[in-house]
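Asks: would you be able to build a 3D model of this:
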Amino acid sequence: MGTITDIVTQKVMEICQTYESKTECTGIDWWSHIDRVTKYAVGLSKLYNADNEIVALGALLHDISCPSEYGERGDHHIRGAEMAESLLAELDYPQNRIERVKNCVLNHRGSVAKLKNTVEEECVADADALAHFDSIPAMFHFVYATANLSLEDGKERTKQKFEKDYNKLSERTKELIKGRYDTMMDILFSDRFFIITEELKTKI
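Replies: Got it, this is the predicted structure:
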């Protein structure tokens, strides 16, 4: 039998596959989100000396209620914590550690970001935001294909989402990815024209 992380990974992948066509939480699936969040969270846990197992489980389970038929999207962190506890209890995971994982799930959202009390919660919440920066095509698909927004409205919606995700990050993670974030925002949303060099002019 594998580690607790291996077992939970398999269960989460199965849940995602089962509810892939039913989820109302757009963009919540294994490959485009949960897998990315988990990798970022584990990476941050190493940088910030957090408990790797707690962080990995918190990341794997942070959106567990989304690929399911339970509850409203706005309450997914609450329902997710309940589902995480139930799943981990079935696997005989120690209750004191279950509580720590639950807190990672409860406090990963931007609207409750100020409630993060541990470095493990910080890692999961930061990773959730970072994963969104890797999912630019999915975000544009949502605003234009799913939400059917105009070109400008979709652009503004995406910009606001990325700004919100960045502001949600802890200060140390902001500093860690600031260069990449600034470049991404400049490329996607800047109204500046490219500067045409003399060398390029000769080739046009």
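Asks: tell me the pLDDT of the residue most central in space within the chain.
Replies: A centroid search over the chain (CA atoms, centre = their mean) returns residue 128, at 2.3 Å, as the residue closest to the centre. At residue 128, the predicted lDDT confidence score is 90.
Asks: ok, it to residue 186 distance?
Replies: Shown here: residue 128 relative to residue 186, a distance of 23 Å by CB to CB, to the nearest Å. Every residue, glycine included, has its C-beta placed from N, CA and C.
Asks: next: residue 162.
Replies: Between residue 162 and residue 186 the distance is 12 Å, computed by CB to CB.
Asks: ok, the two, which is more surrounded?
Replies: A count of neighbours by other CB atoms under 10 Å puts residue 162 above the other of residue 162 and residue 186, at 20 against 10.
Asks: quick one: the more buried one and residue 178, what's the gap?
Replies: For residue 162, the distance to residue 178 equals 13 Å [CB to CB].
Asks: next: residue 139.
Replies: Taking CB to CB as the measure, residue 139 and residue 178 are separated by 20 Å.
Asks: more neighbours: which of these two?
Replies: For residue 139 and residue 178, the more surrounded residue by other CB under 10 Å is residue 139, and the numbers stand at 19 against 12.
Asks: any idea which helix or strand comes after whichever strand or helix holds that one?
Replies: In this structure, residue 139 sits in helix 136-141 according to DSSP states H and E. If you walk from helix 136-141 toward the C-terminus, the next helix or strand you reach (DSSP H and E) is helix 151-168.
Asks: contact partners of that next one?
Replies: Applying CB atoms under 8 Å, 6 or more residues apart in numbering, the contact partners of helix 151-168 are 110, 113, 125-126, 129-130, 132-133, 136, 139-140, 143-144, 147, 149, 174, 181, 184-185, 188-189.
Asks: what's near enough to touch residue 108?
Replies: With contacts defined as CB under 8 Å, 6+ apart, the neighbours of residue 108 are 58, 62, 77, 121, 124-125, 128.
Asks: give me the buried entries from those residues.
Replies: 58, 62, 77, 121, 124-125, 128 (16 or more other CB atoms under 10 Å).
Asks: of those residues, closest to residue 95?
Replies: Of all those, residue 95 sits closest to residue 58, with 15.6 Å by CB to CB.
Asks: not counting sequence-adjacent ones, nearest residue to residue 56?
Replies: residue 5 (4.8 Å; CB to CB, 6 or more residues apart in numbering).
Asks: SS state for residue 93?
Replies: The three-state label given to residue 93 by DSSP: H, G, I helix; E, B strand; the rest coil is coil.
Asks: pLDDT weak spots in this structure?
Replies: Along the chain, the model assigns pLDDT under 70 to residues 1, 19-28, 30, 67-75, 77, 110-116, 193-204.
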